[in-house]
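Undergrad: no sequence on this one, just coordinates:
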């Protein structure tokens, strides 16, 4: 079948009410100089969106009939994308704005699980807007706020002018604890450089990890995660539920993350062990795995192998040759709930190729 | 030898239909073209999403991105039947006595010929609509099953449950069976007399096109590299029986099917633009159109069963004259 046509990129905007999604969306629409967007919104909000092609769509989550509870798609997106793609000349890209309470997983999975949607579009990135001032409260009262961060490729930490430097550090450390693989951008009025949210290729296996050459290297000086990145995110000794209204507080972790990330590192892998392990792990832990990403070095393989996944959906491919000066290490990060760090580390390491 | 009269349009063909023996081609941009002593057209919508041939009233009923439900009669006469504001009208159906159904989100609306409208709310989005062949009965495909309404009477709807997302629906011509297409690669059916389930699975792709044979003895479907034709002669429908596979090809999927109005013959359109006719009795095939550039999206026979109109994904349309 003719799938060679350029696939339309899709950017998913998540974030709580008031985090600045509409502001960012209007910036994308007004500043994208000649690029035309189709915008899919859950409901027309109070604040207008200035665009010719806006589709209102009722969020409709469908479980797939395959016995897997985490295999969900957004049925409304299947319909709307099918309709939009019948008149493809009208736009160059699609932006999906989700409600504040939306689970981002079905949105993302729609672009992998539905054959028609997948043939015509590609998920470019999931962008989460968070409000520096109110995120701590949101994380206390909602699982969705945490999921949105856990799922994001890019986190726009907005309204940074409403908190002091110490509070901002804490918020960013919290985001980093939930999702160490995301790019974080501090902004006011959603003023992030649009190049940092559009055309990211975050789900493109050839590009995803090149955007972040220091994947999981948190101590790299130009890494965006900020100066406090190396500190212990899980130190709850000073736990403080006081609302921070901009007063100078001591360092106070603001959140007991139920979402954690587990970074694994090992040497060269044996593909006969690695692939069965990955399949078994995602079968067993799929409902708890929100995202996974990895770069794998296989024994006697001159190319880097990259993998990524959403719940049980995993994709992998060769990316590019290893560079001569690159250490041939295998690294993976799992972001999710109830993940057994010890078991994942032990079984991952057991996939290493026997010493030559 | 069959001959093809091409009509090269620009855009996705959503539906084809014969009105007063004139072939009509409804494109996604909202313009309906027709070959009536030359090429003519009528702009119906800014964006056409769905179309249903109202055979009884001799018109085409359409729904659009502009939130309108339109009816197009022979000669290009258009009438607006309903307006629903900013919601897309993605599903329409035509019923007896001029009744029309359309959906907005979780609501299914039935508009009677006198203009009165009844609305039925569902817990989930209305994904497909179909009227029963007799009486005023509307089927709604939805998540986890289908719902039957009786718009002319009071009383409770009939709920037919089956797990999964049901995206389209059709009644058999004798009204005994209801069949849905699903988000997964399968059909589901119910025998309406006793609610018995019929699972029709094994498709490598989603089923998007269904067509009942002239006397309702067969149901042809797309979604495989052959037309999958299920037997519906017995009281249990296709249960325990294997479907026929007609027009099997190794290199292209079937994307549209249309049964002949008189004979047990199926017109089969493929992803590469080829169109065949295949006889159910002996699987004998006749090539009607050579492969082109775009997938066949719509097929319709004229009432005499002598000409077949076809439409494709990127615009090449036309009419095949079977006798040549």
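TA: Great, that's in hand. Worth saying up front: this structure is predicted, and the values here are computed from it rather than measured.
Undergrad: show me the residues around the closest residue to residue B:3 other than its chain neighbours that make contact.
TA: The spatial neighbour of residue B:3 that comes closest, neighbours along the chain excluded (C-beta to C-beta, 6 or more residues apart in numbering or on different chains), is residue B:324 at 4.6 Å. Bear in mind the C-beta positions are built from the backbone N, C-alpha and C, glycine included. Counting by C-beta atoms under 8 Å, 6 or more residues apart in numbering or on different chains, residue B:324 touches B:1, B:2, B:3.
Undergrad: Count the residues that sit near the first one.
TA: Taking other C-beta atoms under 10 Å in any protein chain shown as the criterion, the count of residues near residue B:1 is 8.
Undergrad: measure it to chain A for me?
TA: Counting by C-beta to the nearest C-beta, to the nearest Å, the gap from residue B:1 to chain A is 29 Å.
Undergrad: now do the second one
TA: When distance is defined by C-beta to the nearest C-beta, residue B:2 is 25 Å away from chain A.
Undergrad: residues from chain B in reach of chain A?
TA: Residues of chain B found near chain A (C-beta under 8 Å from any C-beta of the partner chain) are B:11-12, B:14, B:28-29, B:47, B:49, B:65, B:86-88, B:90, B:105-106, B:124-125, B:127, B:143, B:163-165, B:167, B:182-184, B:186, B:205-206, B:252-253, B:271, B:295.
Undergrad: if you look at the contacts of residue B:324, which of them are in strands?
TA: Among those, DSSP state E puts residue B:3 in strands.
Undergrad: Would you reformat the contacts of residue B:324 as CSV and include pLDDT?
TA: Formatted as CSV, the contacts of residue B:324 follow (pLDDT from 0 to 100):
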residue, pLDDT
B:1, 80
B:2, 92
B:3, 95
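Undergrad: Can you tell me the number of residues neighbouring the nearest residue to residue A:297 once chain neighbours are set aside?
TA: Nearest residue to residue A:297, sequence neighbours excluded (C-beta to C-beta, 6+ apart): residue A:328, at 4.0 Å. Neighbourhood size, residue A:328 [other C-beta under 10 Å]: 15.
Undergrad: Would you mind confirming that residue A:328 is in contact with residue A:268?
TA: Yes - the pair residue A:328 / residue A:268 is scored as a contact, 5.7 Å apart, by C-beta atoms under 8 Å.
Undergrad: Return every residue with contacts to both of those two.
TA: Going by C-beta under 8 Å, 6+ apart, residues that sit against residue A:328 and also against residue A:268 are residue A:297.
Undergrad: Can you pull out the residues in contact with stretch B:233-242?
TA: B:176, B:177, B:189, B:191, B:196, B:198, B:200, B:217, B:219, B:230, B:231, B:232.
Undergrad: Mind giving me the PyMOL command for buried ones among these?
TA: The buried residues among the contacts of stretch B:233-242 can be selected in PyMOL (16 or more other C-beta atoms under 10 Å in any protein chain shown) with this line:
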select buried, chain B and resi 177+189+191+198+200+217+219+230+231+232
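Undergrad: Out of the contacts of stretch B:233-242, list just those in strands.
TA: B:177, B:189, B:191, B:196, B:198, B:200, B:219, B:230, B:231.
Undergrad: What is the neighbour count of residue A:194?
TA: 15.
Undergrad: Could I have the PyMOL command that selects the buried members from the residues of chain B next to chain A?
TA: Those of the residues of chain B next to chain A that count as buried under 16+ other C-beta under 10 Å are selected in PyMOL with:
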select buried, chain B and resi 11+12+14+28+29+47+49+65+87+88+90+105+106+124+125+127+143+164+165+167+182+183+184+186+205+206+252+253+271+295
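Undergrad: Can you flag which of the residues of chain B next to chain A belong to strands?
TA: Those of the residues of chain B next to chain A lying in strands (DSSP E): B:14, B:49, B:143, B:163, B:164, B:165, B:167, B:182.
Undergrad: which residues touch the fifth one?
TA: Residue B:164 is in contact with A:62, A:63, A:64, A:65, B:143, B:144, B:182, B:183, B:184, B:186, B:188, counting by C-beta under 8 Å, 6+ apart.
Undergrad: Quickly find the element holding the residue nearest to residue A:297.
TA: Assigned by DSSP states H and E, residue A:328 belongs to neither a helix nor a strand.
Undergrad: what does the one 4 residues further on give?
TA: In the assignment (DSSP H and E), residue A:332 maps to strand A:330-337.
Undergrad: what does residue A:278 give?
TA: helix A:271-285.
Undergrad: quick one: that helix to strand A:330-337, angle?
TA: Put simply, helix A:271-285 runs at 10 degrees to strand A:330-337, going by axes from the mean of the first three to the mean of the last three C-alpha atoms, to 10 degrees.
Undergrad: Tell me which residues of helix A:271-285 come out buried.
TA: So, applying 16+ other C-beta under 10 Å, buried residues of helix A:271-285: A:273, A:274, A:275, A:277, A:278, A:281, A:282, A:285.
Undergrad: SS state for residue A:137?
TA: Three-state call for residue A:137 (DSSP: H, G, I helix; E, B strand; the rest coil): helix.
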